[in-house]
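Student: how would this look folded up:
(2 chains)
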Amino acid sequence: MNARLFPLAATIAIFLVAYAICYAQFPAMLSTRVVGNLLTDNAFLGIAAVGMTFVILSGGIDLSIGSVIAFSGVFIAVLLRDTGLDPLPVFVMLLVITTLFGAAMGAVIYFLEMPPFIVTLAGMFLARGMAYVLSIDSVPIAHETYDALQSLYWLMPGKGRLTFIGGLMLVVFLAGILVAHRTRFGTNVYALGGGVQTARLMGVPVARTTILIYALSGFLAGLSGIVFSLYTSAGYSLATVGVELDAIAAVVIGGTLLTGGSGFVAGTFFGVLIMGLIQTYVIFDGTLSSWWTKIAIGLLLLAFIVLQKGLVVLTERRQSAARTG
Amino acid sequence: MNLVPESPPLLRAEHLSKSFPGTKALDDVGFALRASEVHALLGENGAGKSTLIKCLTGAYRRDAGDILLDGRSIDPKDTLHAQRLGIGTVYQEVNLLPNLTVAENLFLGHQPMRFGLISPRRMNADAEALLAQYGLAIDPARQLDSYSVAVQQVVAIARAVSLSGKVLILDEPTASLDQHEVQMLFGVIRGLKARGLGIIFISHFLDQVFAISDRITVLRNGRLVGTEPTANIDRLKLINMMLGRELAEETRKTGRVAPARTDTAKFRFEGMGKRGRIAPFDLDVHAGEVVGMAGLLGSGRTETAELLFGVSGHDGGEARKDGRPVRLASPRDAVAAGFGFLPEDRKSHGIISELSVRENIVLALQARLGWMKRISSRRQMAMADDFIRRLDIRTSDAEKPVGQLSGGNQQKVMLARWLATNPEFLILDEPTRGIDVGAHAEIIRLIEELCAGGMSLLVISSELDELVVYSNRVVVVRDRTHVAELVGENVTAERMVQAIAAPEKASAYAASSETVS
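Tutor: The predicted model follows:
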């Protein structure tokens, strides 16, 4: 098997095994209701994680997305409360803002040659601060469009509901897969992850690609913020603290190399599902503290890092064998 | 030969010059490449090969001169621009992305599109067809790094040719290939030659140069030595061109004929060797003696130095100092035994350009004392000032970052660093490379001074006349083996060239994959 596909296969295998274990203990977990909830509950995380996948594939990191999601919620809630605007133009305004915010971070990273870690850390504080400026309190959202979007669902066989936001996440993942593998931008993202210097020598537009990557991440963080506001019917500046770390965890558990250049958007999908599944298991069990979710995710992350390191060592050994053999 | 003599060259460089602070890397060099020609470009490190290539491919902007492609003057702004004009380059370290597939590497930036999306099926089919022209039947949908370096090399050539298509520059393409892979690559090169491309071939393997090239151009110290049809030249003449006598008049003296020493040597190395790097050799170095080391690039000179300094470790043999065995398993051991080593590539091995002159000088002594015994800042200043004066280091003050000094002065700072530790045996690898003529003479004077002070030195140099000036004895290295030791009257440039030029034998050491020193 192609070594590149191995981490993805491992992720899918772990998901299936985990699901089988859950099913053995709680047969009720094998129902479209649980699947529907899994998608709905993790929709905002999944959408943000798609953006994070592109960032990490290019060898970067985006720490700002949790704050951007919170900012988005507050922005929408305050605008709907204080102006008479319809949600749709507010959504468009928000997405323009978060996309430009991401693009600006990408531009700083490229033109000032700053590490993405620091630049997006600054972005994280900035977005969180802007959310506080708009409102310190949790602002409820009440609007008929929200009610309509929230009650929109497709009834799956078995009475599970595929909600609007769950479906939106699936669409974003499909689009992400298409962009990653079937566009020049996608190939350029992988190229940056393989080596910026080489990519530049091969004619990859490094500046444009870097800015686009962070713009895409900003756009998806904004979209994730919209989804989160639909999910919670409120905007709160203290919400979604640390979601960027959950997204990074989902990407890594999904088999993407943290150093960039190797991984799949589809892997991130299963990474998100695995994390959601652990959460669901904890809820089904009822006696476990919810901190067990974090512990399980921590152990999984560790396992994947070891697996990736092992694969890298294996590839190097095979290559040196090919050279001397 | 079968070309009409006045057929205009494909690529021509005229009066090309390029300077860097402290050195003239290219000095009025002319070069002409014909279509359907493999043109070898030879010269030792620092001869100006890579500067010439970088000027041709736009990586450097030339200071003066003209570059003509198909008779039209060109001024490539960067390598991508040069590629669009028709000049493609493939380097020793394959400049492709190992994490992408073969097809993605071939078509990066030019992927075949269908309905606005990349069509992987068409891309893979195109890649297969393209690689078939090079006799390569591989699955282009697999990741590039799942294939050998030789295959990657051919993929890089295929990409370069498909994007440029007139001139192909191969910079040390065979350095990490085995014999069979070299033959495969030569097949590819001959195929491209038949298609009318002009190919510039850079290699330090002379037998490969003789096997594949039509003409040879030799550069030395940034100047053109000459261009000759390969058929009219033999190894002896070629090596004379590469290493021949051009030393500036001021340093040119007759060699001193030292009497053969009969006393026991201070440093004795017996049967020292390392598989795949250098064949076992014996070497004696007396106190107050300079042993020179001559050989071509990649012959095992640097490997010998690194072995003696414990960088690479050794498989067998033993080292003795004053009759007592010493351990040389690591540079730490070597420093403890009183050894010092000034490596060839001071930029990547040794000089820390952000640190000041003073800090660089104190570094080795501090390491030797251990970090607990800090040298007082007053003593550091005194030491730095002392060496700046003694070695005539040109710097505004001791706190200036070393990176801002010229090459010759950086070299002196490195030397000062070792002298501060009072070494008994100092190894210098190409101490005069890349520095201007004046500094050149000073370094030679310093070597003679140190030797007069009782220090033992091993000096590696491509400047044969320079070796004649200061060496008591000269060891000649070829194919990773110490092949000759010249003593007394025999220490002449002619004898060295003869020893280097003896036909290359297929030694076990030469066949293994080599790295350029």
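
Student: please, where are all the helices along the stretch 251-400 of chain B?
Tutor: Secondary structure of the stretch 251-400 of chain B, counting by DSSP state H, counting those that start in this stretch: helices at B:301-308, B:331-336, B:357-369, B:377-390.

Student: between those helices, which one is closest to residue B:469.
Tutor: Residue B:469 lies closest, by CB to CB, to one member of these: helix B:301-308, at 18.1 Å. For the C-beta atoms, the positions are set from N, CA and C on the backbone; glycine is no exception.

Student: residues of that closest one that come out buried?
Tutor: Burial within helix B:301-308, assessed by neighbour count using 16 or more other CB atoms under 10 Å in any protein chain shown, is assigned to B:301-308.

Student: what do you get for stretch B:412-432?
Tutor: By neighbour count on 16+ other CB under 10 Å, the buried set for stretch B:412-432 is B:412-421, B:423-432.

Student: give the contact list for the residue nearest to residue B:338 when sequence neighbours are not counted.
Tutor: Leaving out its chain neighbours, the residue that sits closest to residue B:338 by CB to CB, 6 or more residues apart in numbering or on different chains is residue B:424, at 4.0 Å. For residue B:424, the contacting residues are B:266, B:287, B:321, B:338-339, B:455-456, by CB atoms under 8 Å, 6 or more residues apart in numbering or on different chains.

Student: which of the residues you listed sits closest to chain A?
Tutor: Of all those, chain A sits closest to residue B:339, with 30.7 Å by CB to the nearest CB.

Student: the closest one and residue B:421 touch, don't they?
Tutor: No: the criterion here is CB atoms under 8 Å, and residue B:339 misses it with residue B:421 at 9.5 Å.

Student: what parts of the stretch 51-200 of chain B come near chain A?
Tutor: Taking CB under 8 Å from any CB of the partner chain as the test, the list of the stretch 51-200 of chain B residues beside chain A reads B:79-80, B:83, B:95-100, B:104-105, B:108-109, B:111, B:117-118, B:120, B:142-143, B:145-149, B:159, B:176.

Student: next step: those restricted to helices.
Tutor: Using DSSP state H, the members of these that fall in helices are B:79-80, B:83, B:104-105, B:120, B:149, B:159.

Student: check these and tell me the two furthest apart.
Tutor: Taking every pair in these and measuring CB to CB, the maximum separation is 27.6 Å, between B:79 and B:120.

Student: residues near residue B:26, how many?
Tutor: Neighbour count of residue B:26, defined by other CB atoms under 10 Å in any protein chain shown: 29.

Student: give me the distance between it and residue B:81.
Tutor: As defined by CB to CB, to the nearest Å, residue B:26 lies at a distance of 20 Å from residue B:81.

Student: got the ones in helices among the residues of the stretch 51-200 of chain B next to chain A as a markdown table, with neighbour count columns?
Tutor: Shown next, in a markdown table, are those (neighbours: other CB atoms under 10 Å in any protein chain shown):
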| residue | neighbour count |
| --- | --- |
| B:79 | 20 |
| B:80 | 17 |
| B:83 | 22 |
| B:104 | 25 |
| B:105 | 28 |
| B:120 | 18 |
| B:149 | 21 |
| B:159 | 23 |
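
Student: who's in contact with the closest residue to residue B:175 other than its chain neighbours?
Tutor: Of all residues not flanking residue B:175 in the chain, residue B:92 sits nearest, at 4.8 Å (CB to CB, 6+ apart). For residue B:92, the set of contacting residues under the criterion of CB under 8 Å, 6+ apart consists of B:171-173, B:175-176, B:516.

Student: residue B:92 and chain A: what is the separation?
Tutor: For residue B:92, the distance to chain A (CB to the nearest CB, to the nearest Å) stands at 13 Å.

Student: now do the SS call for that residue.
Tutor: Taken by DSSP: H, G, I helix; E, B strand; the rest coil, the conformation at residue B:92 corresponds to coil.

Student: once you drop chain neighbours, what's closest to residue B:316?
Tutor: Once flanking residues are discounted, residue B:316 sits nearest to residue B:271: 5.6 Å by CB to CB, 6+ apart.

Student: ranges for the strands of chain A?
Tutor: A:139-140, A:153-155, A:161-163, A:234-235 (DSSP state E).

Student: buried deepest among these, which one?
Tutor: Between the strands of chain A, the one whose residues have the most neighbours on average, counting mean count of other CB atoms under 10 Å in any protein chain shown, is strand A:234-235 (a mean of 24).

Student: list the contacts for the closest residue in space to residue A:35 that isn't next to it in sequence?
Tutor: The spatial neighbour of residue A:35 that comes closest, neighbours along the chain excluded (CB to CB, 6+ apart), is residue A:160 at 5.7 Å. Neighbour list for residue A:160: A:31-37 [criterion: CB under 8 Å, 6+ apart].

Student: distance from the chain centre to the worst-scoring helix or strand of chain A on mean pLDDT, please.
Tutor: Lowest by mean pLDDT, DSSP states H and E among the helices and strands of chain A is helix A:291-324, with a mean of 75. On the basis of CA atoms, centre = their mean, to the nearest Å, helix A:291-324 sits 21 Å off its chain's mean C-alpha point.

Student: tell me the helices and strands packed up against that helix.
Tutor: Using 3 or more CB pairs under 8 Å, 6 or more residues apart in numbering or on different chains; DSSP states H and E, the elements in contact with helix A:291-324 are helix A:6-25, helix A:243-253, helix A:265-285.
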